[in-house]
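Peer 1: here is my input, please return the structure:
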Amino acid sequence: MDSWASAFDQLLERRVVLATGRLDGALADRVTAQLLMLDGESDAPIELLVDCPEAELDPAFTLLDVCEALHADLTIVVTGRLIGAGMVLLTSRHRRFARPHATLQLSEPHVATSTQSADAAARLVEEHRRRIGVLIERISDRTTRPEPLVADEMSRGVYLTSEEAVAYGLLDDVARRA
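Peer 2: Residues are numbered from 1 along each chain as shown. Coordinates of the predicted model:
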């Protein structure tokens, strides 16, 4: 077994799950499988370490739904970057932290392009806008900021430091220790 696989196995034994890289269907599937496996083993706390500089909307919602369904206590820690659709994870009912040098960005997720007919593409865009509305609503509810303000900040691509994200209401605190 190579050292990387061994390191990941040791993290799982400690009930730590890594979500790093583009949050797409494959990453969401791997992370949700690990979370569900750990949740099924015991109610001991789980830590989810997140560094997703890109995220697709549907996989981000899928991961959020699994996080919300866990029986075990979950702590979500942003260790690097969390941008766009991945921000929905911070609307979770669970504890939310970020490392001191983490970067968070409120930004509108991009719609996946395809070679569909014009009517199909229009329906896709309409559904994408609806899902962005759900993201805005969730962030607004969790932070108590008005939806129009959240929508404006997302359209402008507002960056937040860890401390600013705490003040914004997206994080509970800055995680200063490993």
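
Peer 1: local confidence estimate at residue 89?
Peer 2: Listed pLDDT for residue 89 reads 96.

Peer 1: neighbours of residue 30, how many?
Peer 2: By other C-beta atoms under 10 Å, the residues close to residue 30 number 13. Where you see a C-beta, it was placed from the backbone N, CA and C, and this is true even at glycine.

Peer 1: tell me the secondary structure at it.
Peer 2: Secondary structure state of residue 30, per DSSP: H, G, I helix; E, B strand; the rest coil, is helix.

Peer 1: helices of this protein, start to end?
Peer 2: Secondary structure of the chain by DSSP state H: the helices cover 3-13, 25-41, 57-69, 118-143, 147-156, 162-168.

Peer 1: looking at those helices, which is nearest to residue 51?
Peer 2: Closest to residue 51 of these, according to C-beta to C-beta: helix 25-41, at 11.0 Å.

Peer 1: and residue 112, what pLDDT?
Peer 2: At residue 112, pLDDT is 66.

Peer 1: before we move on, what about the one 4 residues further on?
Peer 2: Model confidence at residue 116, given as pLDDT, is 74.

Peer 1: outside of the lowest-mean-pLDDT helix or strand in the chain, which residues touch it?
Peer 2: Of all regular secondary-structure elements in the chain, judged by mean pLDDT, DSSP states H and E, the least confident is helix 3-13 with a mean of 82. Applying C-beta atoms under 8 Å, 6 or more residues apart in numbering, the contact partners of helix 3-13 are 1, 17-18, 34, 38.

Peer 1: how many neighbours does the residue lying closest to residue 77 once chain neighbours are set aside have?
Peer 2: Leaving aside its sequence neighbours, residue 77 sits nearest to residue 97 (C-beta to C-beta, 6 or more residues apart in numbering; 4.8 Å). For residue 97, the number of neighbouring residues by other C-beta under 10 Å comes to 21.
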